[in-house]
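Asks: Sequence first, then the predicted structure:
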Protein chains: 2
Amino acid sequence: MPDRYALVLAGGRGERFWPWSRPERPKQLLPLGRGGRSLLGATIDRALRVVPAERILVLTAHDLVATVRRECPAGVEVIGEPAARNTAPAIALAALIVRARSPRASFAVLPSDHLVDDVDAFAVDLERGFAAAEHDPVLVTFGIRPSGPDTNFGYIRRGERVADRLFRVAAFTEKPRREVAESWLASGDHFWNAGIFVWGAETFLRALQAARPALHEGVAALAAAIGTPDFEALLTRRFPALESISVDYAVLEQAPNVLVLEAAFDWDDLGSWGAWARRQPRDARGNVVVGDALAVDCDRCVVVGEGGTAAALGLADMVVVHVGGATLSCRMDQTEQVRRVSEALRTRETR
Amino acid sequence: MPDRYALVLAGGRGERFWPWSRPERPKQLLPLGRGGRSLLGATIDRALRVVPAERILVLTAHDLVATVRRECPAGVEVIGEPAARNTAPAIALAALIVRARSPRASFAVLPSDHLVDDVDAFAVDLERGFAAAEHDPVLVTFGIRPSGPDTNFGYIRRGERVADRLFRVAAFTEKPRREVAESWLASGDHFWNAGIFVWGAETFLRALQAARPALHEGVAALAAAIGTPDFEALLTRRFPALESISVDYAVLEQAPNVLVLEAAFDWDDLGSWGAWARRQPRDARGNVVVGDALAVDCDRCVVVGEGGTAAALGLADMVVVHVGGATLSCRMDQTEQVRRVSEALRTRETR
């Protein structure tokens, strides 16, 4: 069997979980997984079902390396990105590293801040992805069957069927408007783009070269230094100069050889307090009360107290979160907007 | 001029301002007064307009003595109550102390957690109260002309007019139902009972003896020890055994010689976050934003951050308070209920 690797992307800041998430403890490090496991830890557990620890690579922000390393078993390599440059440069760097170790290797790309409960089905699908990517020079994406007309995801429209649950990709799309998302849901031929991919390192680098030659050239300049003492210094100098762009936009939307595997596993991106709350146990009045928290005469509220007491009084459909030195209060139907608070705080700090 | 004293009652816990107020920093110590002065400090400032510091006595909880003393100028005597016993035992104790210093003295009773802006009018009225209490053996209460049909106050119904703004009391009443409060507001002959009184020490003790002989006897047992080294030990032993009862119920509702002086000064008991907020400056959308706080897309909210960041997102008519290790979120029209949170927390602690 050819060499299989996994790249775990752990560079996100997860601002939509403010104040639980902070720059120094982003969403993937929060205990949002089953049994209070971090999403990153759970992602690595899933990867370990298919590849050994020594072939797992984690990319994260340079200031998070030490924290991330504590979540990883021995053998897993953690690399810090000197600057956030979105997914394309990170994946290209990983492709170089993987190819340097074994020229014919394939690797899976796994976001670290999503929830998957059915790890068996996930492992089976990931192996199917590897098999497909080893059989042909294709880029395999994973599509999630939509459970609603969500406007927070990019979508993948499937084309010709290649095998069971495996299709050519007809088109990638940006986040749709509500009516469009509803028509796609009805059509049945659109998947959510989960940001999970499998491909050969060489296949990916060729696709990048064809679609984004300047970015490919910028990354390739690092190749000779991989495994040498110069690598980190070179990475620090060159990486921040790379184009900041998503792999979807830089490569997948351009490449002709993209497949989508319809996932048999459950998936939730836990994109907000509301999404997280929908999975939590509730009290008799529908409240999710976690930690040092109190819901007095409340209905269907989320009240979280960590490092202090959170009290909600006489509220309905609200989120009240006290974490350490900060508090958030918003309506449940506005948890998708929490990023606006993080942004406002940043603006205030730089004023 | 006969000797005039002032008793400042500073034993309250002010649970309706949780989490700003805590057992160790109750409402009267919060910076709720003009220019951020504590209500207690402002109360003492007002008393100093009429009596010298050496004749001001402050009664507070024993664990608050040191904190309260820091708010008081030199000369003011601060006494700790070994246990909370409501207003009647505290006032009776003060009457004993005052009478021991000068048998014919009168004293004013001043709650420490109310707001009065017009200190000149207050001083004039207080002096009128003293004059009345010195002229006849009467108990003088202060009545506030209601600004609305408030159901959170006891009311005083005025009787026969004695002098300008001075009346006999026809009746004291408990907190009324809404419709009753409305009819009283319309009648114009009911005042709010502000808990401010002036009387001769001897007059008060006689009224107590007539109305509540057992309580009088219990307090009087302390008299011989006043000014001796034994006093504190005796107080600690005897005070907690006294009946816990308000002066209104124990004395005023029974006594025949009670007058009410219609206050010419403004008065606000700042009984809740909502009452406090109505006096604060607001932003263009009507929000009161204080300290390390952020109101994103909010209308008419109160957002307070102290020792941490409080953020409200997309809310209307809400209170969000982050103070140190705790957070409260409730609707503006429920701030009168905040005490329920304090109670629930106490219940939880003793479980």
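Replies: Received the coordinates, thanks.

Asks: now the helices for the stretch 101-250 of chain A?
Replies: A:119-135, A:178-187, A:201-211, A:213-220, A:231-238, A:247 (DSSP state H, counting those that start in this stretch).

Asks: For these, give me CSV that also has mean pLDDT, distance to residue B:199 and mean neighbour count.
Replies: C-beta: built from backbone N, CA, C; applies to glycine. Converted to CSV, these look like this (pLDDT from 0 to 100; distance: least, CB to CB, whole Å; neighbours: other CB atoms under 10 Å in any protein chain shown):
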stretch, mean pLDDT, distance to residue B:199, mean neighbour count
helix A:119-135, 97, 78, 19
helix A:178-187, 94, 71, 14
helix A:201-211, 98, 90, 21
helix A:213-220, 96, 87, 16
helix A:231-238, 94, 80, 14
helix A:247, 97, 83, 25
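
Asks: Let me know which of those helices is the nearest to chain B.
Replies: helix A:178-187 (18.6 Å; CB to the nearest CB).

Asks: centre of the chain versus that closest one, how much separation?
Replies: 24 Å (CA atoms, centre = their mean, to the nearest Å).

Asks: So which other helices or strands are in contact with it?
Replies: strand A:155-163 (3 or more CB pairs under 8 Å, 6 or more residues apart in numbering or on different chains; DSSP states H and E).

Asks: Strand partners (parallel or antiparallel) of the strand it packs on?
Replies: Under the criterion DSSP bridges, strand A:155-163 sits next to strand A:166-173 (antiparallel), strand A:190-200 (antiparallel) in its sheet.

Asks: ok, and which of these has the densest surroundings?
Replies: Most buried of those by mean neighbour count (mean count of other CB atoms under 10 Å in any protein chain shown) is strand A:190-200; its value is a mean of 25.

Asks: And the average pLDDT for it is what?
Replies: Strand A:190-200 shows an average pLDDT of 97 in the prediction.

Asks: With stretch A:303-311 instead?
Replies: pLDDT averaged over stretch A:303-311 gives 95.

Asks: Next, the buried residues of it.
Replies: A:303-306, A:308-311 (16 or more other CB atoms under 10 Å in any protein chain shown).

Asks: and chain A, which of its residues are near chain B?
Replies: A:18-19, A:294, A:296-297, A:305, A:307-315, A:318, A:320, A:322, A:324-331, A:334, A:337-338, A:340-341, A:344-345, A:348 (CB under 8 Å from any CB of the partner chain).

Asks: quick one: residue A:315 and residue B:333 touch, right?
Replies: No. Look at residue A:315 against residue B:333 with CB atoms under 8 Å: they stay out of range, at 11.9 Å.

Asks: Of these two, which one has the most company?
Replies: Taking other CB atoms under 10 Å in any protein chain shown, residue A:315 and residue B:333 do not tie; residue A:315 has more neighbours (25 against 12).

Asks: now the end-to-end length of stretch A:267-279.
Replies: Across its full length, stretch A:267-279 reaches 12 Å between end residues, using CA to CA, to the nearest Å.

Asks: Relative to chain B, how far out is the most centrally placed residue in chain A?
Replies: The residue lying closest to the centre of chain A (CA atoms, centre = their mean) is residue A:111, at 2.8 Å. Taking CB to the nearest CB, to the nearest Å as the measure, residue A:111 falls 26 Å from chain B.

Asks: re the thing from before, from the residues of chain A next to chain B, which would you call buried?
Replies: Buried among those by 16+ other CB under 10 Å: A:18-19, A:294, A:296-297, A:305, A:308-315, A:318, A:320, A:322, A:325-331, A:334, A:337-338, A:340-341, A:344-345.

Asks: where in chain A is pLDDT low?
Replies: Residue ranges of chain A with pLDDT under 70: A:1-2, A:350-351.

Asks: show me the contacts for the residue of it most remote from its centre.
Replies: Relative to the centre of chain A, the most outlying C-alpha is that of residue A:297, 37.0 Å out, by CA atoms, centre = their mean. Residue A:297 is in contact with A:313-314, B:337, B:340, counting by CB atoms under 8 Å, 6 or more residues apart in numbering or on different chains.

Asks: from the stretch 101-250 of chain A, which residue is nearest to chain B?
Replies: For the stretch 101-250 of chain A, CB to the nearest CB, closest residue to chain B: residue A:152, 16.9 Å.

Asks: Just give me the neighbour total for the residue nearest to that residue when sequence neighbours are not counted.
Replies: Spatial nearest neighbour of residue A:152, chain neighbours left out: residue A:271 (5.7 Å); criterion: CB to CB, 6 or more residues apart in numbering or on different chains. Residues near residue A:271, counting by other CB under 10 Å, number 19.

Asks: helix/strand/coil for residue A:271?
Replies: Secondary structure, DSSP: H, G, I helix; E, B strand; the rest coil: residue A:271 is coil.

Asks: Correct me if wrong: it contacts residue A:16.
Replies: Yes. Using CB under 8 Å, residue A:271 is in contact with residue A:16, at 6.2 Å.

Asks: Give me the common contacts of these two.
Replies: In contact with both residue A:271 and residue A:16: residue A:336, using CB under 8 Å, 6+ apart.

Asks: Report how many residues lie close to residue A:82.
Replies: Count around residue A:82 with other CB under 10 Å applied: 16.

Asks: Pop out the phi and psi values for it.
Replies: phi -60, psi -20 (degrees, to the nearest 10).

Asks: got the contact list for it?
Replies: With CB under 8 Å, 6+ apart, residue A:82 has these contacts: A:62, A:235-236, A:239-240.

Asks: Domains in chain A, by residue range?
Replies: A:4-262, A:273-349 (automatic domain parsing).

Asks: surely residue A:146 meets residue A:184?
Replies: Yes. Using CB under 8 Å, residue A:146 is in contact with residue A:184, at 7.2 Å.

Asks: shared neighbours, these two?
Replies: In contact with both residue A:146 and residue A:184: A:155, A:190, using CB under 8 Å, 6+ apart.

Asks: Residue A:147 versus residue A:266, what's the distance?
Replies: The gap separating residue A:266 from residue A:147 is 9 Å, by CB to CB, to the nearest Å.

Asks: likewise residue A:284?
Replies: 27 Å.

Asks: Equivalent analysis for residue A:28, please.
Replies: Applying CB to CB to residue A:28 and residue A:147 gives a distance of 22 Å.

Asks: and those two? which has more neighbours close in?
Replies: Using other CB under 10 Å as the criterion, residue A:28 and residue A:147 rank with residue A:28 on top: 29 against 11.

Asks: Am I right that the more buried one sits in a helix?
Replies: Yes. Secondary structure of residue A:28 (three-state DSSP): part of a helix.

Asks: quick one, what contacts it?
Replies: A:10, A:12, A:14, A:38-40, A:43, A:112-113.

Asks: which SSE is the closest residue to chain B within the stretch 1-150 of chain A in?
Replies: Nearest to chain B in the stretch 1-150 of chain A, going by CB to the nearest CB, is residue A:19, at a distance of 7.2 Å. Using DSSP states H and E, residue A:19 is not contained in any helix or strand.

Asks: Not counting sequence-adjacent ones, nearest residue to residue A:203?
Replies: Residue A:203's closest residue in space is residue A:137 (CB to CB, 6+ apart), at 4.5 Å.

Asks: Give me the neighbour count for the one you found.
Replies: Count around residue A:137 with other CB under 10 Å applied: 14.

Asks: How about the contacts made by it?
Replies: Residue A:137 touches A:200, A:202-203, A:206, A:257, counting by CB under 8 Å, 6+ apart.
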